[in-house]
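Visitor: Need a 3D model of the sequence below.
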Amino acid sequence: MSTVGGMPKAFLHPFAKPTRESFVPIVRGQGALLYTADGKELVDGMASLWYCAIGHGRQEMADAISQQVSTLAAYSCFDPFTTEPSEQLAELLSEIGPIPGARVFFTGSGSESIDTAMKLARIAHVQAGEGQRKLIISRTRGYHGTAYGGTSAQGIAPNREHFGPFVDDVVQVPADDVEALATLMAQRGNEVAAIIVEPVQGAGGIFPAEEGYLESVRRLCDQHGAYLVFDEVITGFGRLGSWFAAHHYGVTPDLVTFAKAVTSGYQPLGGVFVGPRPTAALESDDTFILRHGFTYSGHATACAAGLKNLEIMQREGLVARALHMGSRLSSGLQALADDGSIHHVRGLGGMWAAGLHPEQNAMAMRDTMFDHGVVCRALNADSLLFCPPLVTTDEQIDRIVDAVAIAAR
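Guide: Numbers count the residues shown, from 1 in each chain. Sure, this is the predicted structure:
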């Protein structure tokens, strides 16, 4: 991978070696295309980091953000205040969301959303008279952000290493093992506050839930009185060809985390859908104060960006387009698997992974693809991950597949 010059060392980059001295400056984006400081054109095969659904460089997004900033950039939504964009976006999200009648709690990121869901699950049980329910169960391979709650729930071992001690009463079970989960629930069901599940595990390698798995988890939660939390930070807002993965799978959780594509990254925003059962517990005592929130919960400009982003997605039919785009991408990758260039293909909707042969190296292939004008994400040494913007053209999808073919040689 070519880089542009040495970069100043003041910026300590996330998920990077602190000793690295040169990075690739991305200076402009248009649709599914990116441009580096030295003028190189790239197809953005990852929607930046799973989030830029509507593509880069949308002038109407800039206009909506500018208009809100010039009116009221932000104001705290702590009691007793609110802002119009936050109220409007919450109403719209409740209408299109995965839980009928849900309320919406705003955060600034997916990591904040996961920690919020964990805290809301525990405090809702307290308000419902079941304060013994503290245990949070997550799955191996799950990625749930990098704040301390989410790191505690992480199922990706390298992301946890040396960061402990972690939040108490957070445990993992094998990703697709219903029996292991059922056994744990039988042993400690009356202690469980929530089970957290990514319907499609994203950063862990793009692994869709196996058939019947989510329905089984829903039944176990109902049987033992726990909340079911879907982490839809990646799958939310059209990625699977439905507004949310909960819609795709036909399973209704109690809480759902979101972020990323709610604004397509034009402003940082996240949140949690809070379903009727935890909402009823939180509303059961009119003297109760929810002592949780963030400075930017309901940030007016971020919410204005969310409103415009969702307007664009609805107007341009981008939710349905995920299926067309994903079909073309998966078909192209499957052709490479069929001829032995890669080992296998896995994914769903508009998010796919190329599983590699043991002798191939994902990082080296990622760098070769970059040299041939395509951005993807390498996972360890064995997989290439793809999550293109929903506006990616057929020709650009084909460029992604062609770059994989070249890198696989």
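Visitor: May I see the buried residues of stretch 68-81?
Guide: For stretch 68-81, the neighbour count (16 or more other Cβ atoms under 10 Å) marks Q68, A74, C77 as buried. C-beta: built from backbone N, CA, C; applies to glycine.
Visitor: Ok, stretch 121-134 next?
Guide: Using 16+ other Cβ under 10 Å as the test for burial, stretch 121-134 gives A121, R122, I123, A124, H125, V126, Q127, A128, R133, K134.
Visitor: Please name the residues that touch the first one.
Guide: Spelled out, that is A121. Contact analysis of A121 by Cβ atoms under 8 Å, 6 or more residues apart in numbering lists I136, A193, A194, Y227, V229, D254, L255, P278.
Visitor: Can you tell me which of those residues is closest to G97?
Guide: Closest approach to G97 among those (Cβ to Cβ): L255, at 11.2 Å.
Visitor: Could you grab the helix/strand/coil label for V319?
Guide: At V319 the chain is in helix, as set by DSSP: H, G, I helix; E, B strand; the rest coil.
Visitor: okay, the residue nearest to it when sequence neighbours are not counted: pLDDT?
Guide: Of all residues not flanking V319 in the chain, G238 sits nearest, at 3.9 Å (Cβ to Cβ, 6 or more residues apart in numbering). Looking at G238, its pLDDT is 98.
Visitor: Now for G238: which residues touch it?
Guide: With Cβ under 8 Å, 6+ apart, G238 has these contacts: A53, A261, M313, L318, V319, A322, G350, L390.
Visitor: how close does it sit to V262?
Guide: Here G238 is placed at a distance of 11 Å from V262 (Cβ to Cβ, to the nearest Å).
Visitor: What ranges does the stretch 251-400 of the chain have for its helices?
Guide: 276-282, 300-315, 318-338, 362-371, 394-408 (DSSP state H, counting those that start in this stretch).
Visitor: Who are the packing partners of the longest one?
Guide: Using 3 or more Cβ pairs under 8 Å, 6 or more residues apart in numbering; DSSP states H and E as the contact definition, the elements that helix 318-338 packs against are strand 344-348, strand 351-355, helix 394-408.
Visitor: any idea of the angle the first one forms with helix 318-338?
Guide: Orientation of strand 344-348 against helix 318-338 (axes from the mean of the first three to the mean of the last three Cα atoms, to 10 degrees) gives an angle of 170 degrees.
Visitor: Name the residues of strand 344-348 that are buried.
Guide: For strand 344-348, by 16+ other Cβ under 10 Å, it's V345, R346, G347, L348.
Visitor: host element of L42?
Guide: strand 41-44 (DSSP states H and E).
Visitor: Which element is encountered next along the chain beyond that strand?
Guide: helix 47-50.
Visitor: From the rest of the structure, what touches the helix or strand following that following helix?
Guide: Downstream of helix 47-50, the first helix or strand assigned by DSSP H and E is helix 59-72. Outside helix 59-72, the residues within contact range by Cβ under 8 Å, 6+ apart are 54, 83, 85, 264, 266-267, 300-301, 304-305, 307-309, 312.
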